[in-house]
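Novice: need coordinates for the following:
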Amino acid sequence: MSFDPPPLPPQGYLLAKLGYIEEPMAAIAIDVSPQTMIEYRKKGLGPDYTIVGRTVLYHPAKLEAWLEAGGTRAFEAQETAEPAKRGRAR
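Specialist: Purely as a prediction, here's the structure:
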């Protein structure tokens, strides 16, 4: 009698189970281009994200919270309210 190991789950099954989506799909979800989504992330203007390996992932709840907070407008308002810091940290 031979023993067959249980089948492996599909790759990324836990991320899918938890609802994470990749950056291009997140861009579609908030109606911006994938390039705009990348720019938001690089400038710190976008929603919270997670990186697994080389893949940037977003959770729908984080996208929704970001939109409800005003999206990039919330960050722009925060920047104008805080004085710009200049010079080098010592």
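
Novice: distance check, the residue nearest the centre of the chain against E64.
Specialist: The centroid of the chain falls nearest to Y49 when counting by CA atoms, centre = their mean (2.7 Å). Noted for Y49: a distance of 14 Å to E64, by CB to CB, to the nearest Å. Quick note: C-beta positions are derived from backbone N, CA and C, even for glycine.

Novice: do T36 as well
Specialist: Relative to E64, and taking CB to CB, T36 is found at 18 Å.

Novice: repeat that for G19.
Specialist: Distance, G19 to E64, by CB to CB: 11 Å.

Novice: one more: K17?
Specialist: Relative to E64, and taking CB to CB, K17 is found at 19 Å.

Novice: who are the contact partners of the residue nearest to the centre of the chain?
Specialist: Contacts of Y49 were listed using CB atoms under 8 Å, 6 or more residues apart in numbering, and they are E23, R41, V56, L57, Y58, K62.

Novice: tell me the mean pLDDT for the strand or helix carrying V56?
Specialist: Counting by DSSP states H and E, the element that carries V56 is strand 55-58. For strand 55-58, the mean per-residue pLDDT is 96.

Novice: got the buried residues for it?
Specialist: By 16 or more other CB atoms under 10 Å, the buried positions in strand 55-58 come out as V56, L57, Y58.

Novice: run the chain-centre distance for it.
Specialist: 5 Å (CA atoms, centre = their mean, to the nearest Å).

Novice: still on that earlier bit, between K17 and E64, which is the more surrounded one?
Specialist: In this view K17 and E64 are compared by other CB atoms under 10 Å, and E64 has more residues nearby, 13 against 9.

Novice: ok, that one to Y58 distance?
Specialist: Per CB to CB, E64 is found 10 Å from Y58.

Novice: just T36 next, same as before
Specialist: 14 Å.

Novice: now do the strands in the chain.
Specialist: Using DSSP state E, the strands of the chain run over 21-22, 50-52, 55-58.

Novice: need the ones you listed in TSV with distance to V32, can you?
Specialist: As requested, the strands of the chain are exported to TSV (distance: least, CB to CB, whole Å):
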stretch	distance to V32
strand 21-22	14
strand 50-52	19
strand 55-58	12
